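Peer 1: Mind looking at a prediction? Sequence and model below.
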Amino acid sequence: MTKINLTDLNFEQLEKEITFLNEPLYRAEQIFTSVHKKNVKSINEITAIPASLKEKLGRNYFILNLINAKITDSANSVTRKFLFETDSADSGQKNFIESVLISEKGRETVCISTQSGCNVGCEFCATGKMGFKKNLSVSEIISQIYEVKKLSGKNPSNIVYMGMGEPFLNYDNMLNSLKILTHPSGFGLSSKRITVSTVGFMGKIKKFADDLTSPENSSIKNVKLALSLHSTNNGFREKIIPTSAKNTLQEIYKEISYFYQKTKNKVTYEYIYFEDLNDTDNDVKRIARLLRMVPSNLNIIPFHKIDFELQKPLDAFNNKQDTKKLLSNKKLFDFIDKLKNEKVIVNLRSSSGSDINAACGQLSVDQQRIQNSL
Ligand code: SF4
């Protein structure tokens, strides 16, 4: 019989296992708290249960640990990047993922991955360029937070699903990870402090809204949604986000509207700034119209250089990109002013971490090179 990873189980699933083992139900809470609040590394470390139960569990269950491969610090000490090796027991093949800790404005935000690599292939994204390796298990998703907490000594205050991979293409594991992180006996984080980001897939945003508002999922009801928008023009968006050809803005907007009507959770739009490509007056008008649709805000993100060749129309940006220059770019601030004049709530995101390839769009691992260097 294949052993079950205890870290993969949400509370209800763990209760079923405990029932199956003919143990009293309160044992489920003791084990769940040990794994997700105390972050024990093995069944033997669960002090709340007797030795006989540890032995019983040890026969059919285990606790997965991510292997920390490398930590890199940004020069300004705001951002730390963590490289993890995922458990290779299932496939016999090593896979690597990255997570980022941003310590800023009194917050400890952990940006986590849901996949190793990604097959969406966004033109501006290093993860997309490395191709798809695997979907992360529930435990591989949440263990990033537990490991970052342990390695940094910082208590995560906010979680963003904006690392490697598209969360909505690993939907069930993403949803289960949210349930564990917000369970009062688990990690216990308020769902208001969690944001899940997607490029948008038809049916998935609607399903997410339904799942957040389902009565048995009350702990996750306030999870926020971020849409990687980057353009309000279907033609340009298709060039930089290939899957948007089948997931048009009109369809995505309908689902965003449904999401807000159902959850009443504000929506964030992420918008990488590409000078002269997505900053025209028509863009301003379309963005303003979109942001009037439901309560929302726009995060403008500087484009961060990646170590891959880019196709048109983004090819020029990788060569001339200089974050410091960009942040003093008059055109960018004119664009922001025009949006503000249209009453758009707009934030310019910092480029912290770009010096260690930890900023938005830069996460990527060369698996072969890492394996050779470890
Ligand atoms: S931006 Fe997100 S969806 Fe697009 S390639 Fe990168 S990780 Fe995948």
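Peer 2: Cool, the structure landed.
Peer 1: how near is Ser214 to Lys262?
Peer 2: Between Ser214 and Lys262 the computed distance is 10 Å (Cβ to Cβ, to the nearest Å). All C-beta spots, glycine's among them, are computed from the backbone N, C-alpha and C.
Peer 1: more crowded one of the two?
Peer 2: Between Ser214 and Lys262, counted using other Cβ atoms under 10 Å, the more crowded position is Lys262 (14 against 11).
Peer 1: mind listing what the closest residue to the ligand within the chain touches?
Peer 2: Relative to the ligand, the nearest point of the chain is Gly128 (2.7 Å; Cβ to the nearest ligand atom). Neighbouring residues of Gly128 by Cβ atoms under 8 Å, 6 or more residues apart in numbering: 118-122.
Peer 1: Got the confidence number for it?
Peer 2: For Gly128, the model assigns a pLDDT of 86.
Peer 1: got the residues of the stretch 101-250 of the chain near the ligand?
Peer 2: Neighbours of the ligand within the stretch 101-250 of the chain, by Cβ under 6 Å from any ligand atom: 118, 120-122, 125, 127-128, 164-166, 199, 228.
Peer 1: Could you list every helix and strand that the helix or strand containing Ile300 packs against?
Peer 2: Here Ile300, judged by DSSP states H and E, is contained in strand 296-302. Contact here means 3 or more Cβ pairs under 8 Å, 6 or more residues apart in numbering; DSSP states H and E; on that basis strand 296-302 packs against strand 267-273, helix 281-293, helix 330-341, strand 346-348.
Peer 1: Dump it to PDB, keeping only the CA atoms.
Peer 2: In PDB, the C-alpha atoms belonging to strand 296-302 read as follows (Å, rounded to 0.1, in the frame of the first residue of the first chain):
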ATOM      1  CA  SER A 296     -11.100  46.900  -7.900                       C
ATOM      2  CA  ASN A 297      -7.600  48.400  -8.200                       C
ATOM      3  CA  LEU A 298      -4.800  48.300 -10.700                       C
ATOM      4  CA  ASN A 299      -1.300  47.300  -9.900                       C
ATOM      5  CA  ILE A 300       1.200  48.500 -12.400                       C
ATOM      6  CA  ILE A 301       4.400  46.400 -12.500                       C
ATOM      7  CA  PRO A 302       7.600  47.400 -14.200                       C
END
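Peer 1: is the ligand contacted by that strand?
Peer 2: No - counting by Cβ under 6 Å from any ligand atom, the ligand has no neighbours in strand 296-302; the shortest distance is 11.0 Å.
Peer 1: Tell me which residues of that strand come out buried.
Peer 2: 296, 298-302 (16 or more other Cβ atoms under 10 Å).
Peer 1: now these in JSON lines, with pLDDT?
Peer 2: Formatted as JSON lines, the buried residues of strand 296-302 follow (pLDDT from 0 to 100):
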{"residue": "Ser296", "pLDDT": "98"}
{"residue": "Leu298", "pLDDT": "97"}
{"residue": "Asn299", "pLDDT": "95"}
{"residue": "Ile300", "pLDDT": "94"}
{"residue": "Ile301", "pLDDT": "90"}
{"residue": "Pro302", "pLDDT": "85"}
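Peer 1: all helices of the protein, in order?
Peer 2: Along the chain, the segments classed as helices by DSSP state H run 11-20, 26-36, 51-60, 126-129, 138-152, 171-182, 204-212, 234-240, 249-263, 281-293, 315-320, 323-326, 330-341, 367-373.
Peer 1: Glu104 is nearest to which of these?
Peer 2: helix 138-152 (13.6 Å; Cβ to Cβ).
Peer 1: How far off centre is that closest one?
Peer 2: 13 Å (Cα atoms, centre = their mean, to the nearest Å).
Peer 1: what packs against that helix?
Peer 2: Using 3+ Cβ pairs under 8 Å, 6+ apart, helix 138-152 is in contact with strand 67-73, strand 79-86, strand 95-104, strand 107-111, helix 171-182.
Peer 1: how about CSV for the ones you listed, with mean pLDDT and distance to Thr2 added?
Peer 2: As requested, the helices and strands packed on helix 138-152 are exported to CSV (pLDDT from 0 to 100; distance: least, Cβ to Cβ, whole Å):
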stretch, mean pLDDT, distance to Thr2
strand 67-73, 87, 21
strand 79-86, 92, 17
strand 95-104, 93, 19
strand 107-111, 96, 30
helix 171-182, 98, 17
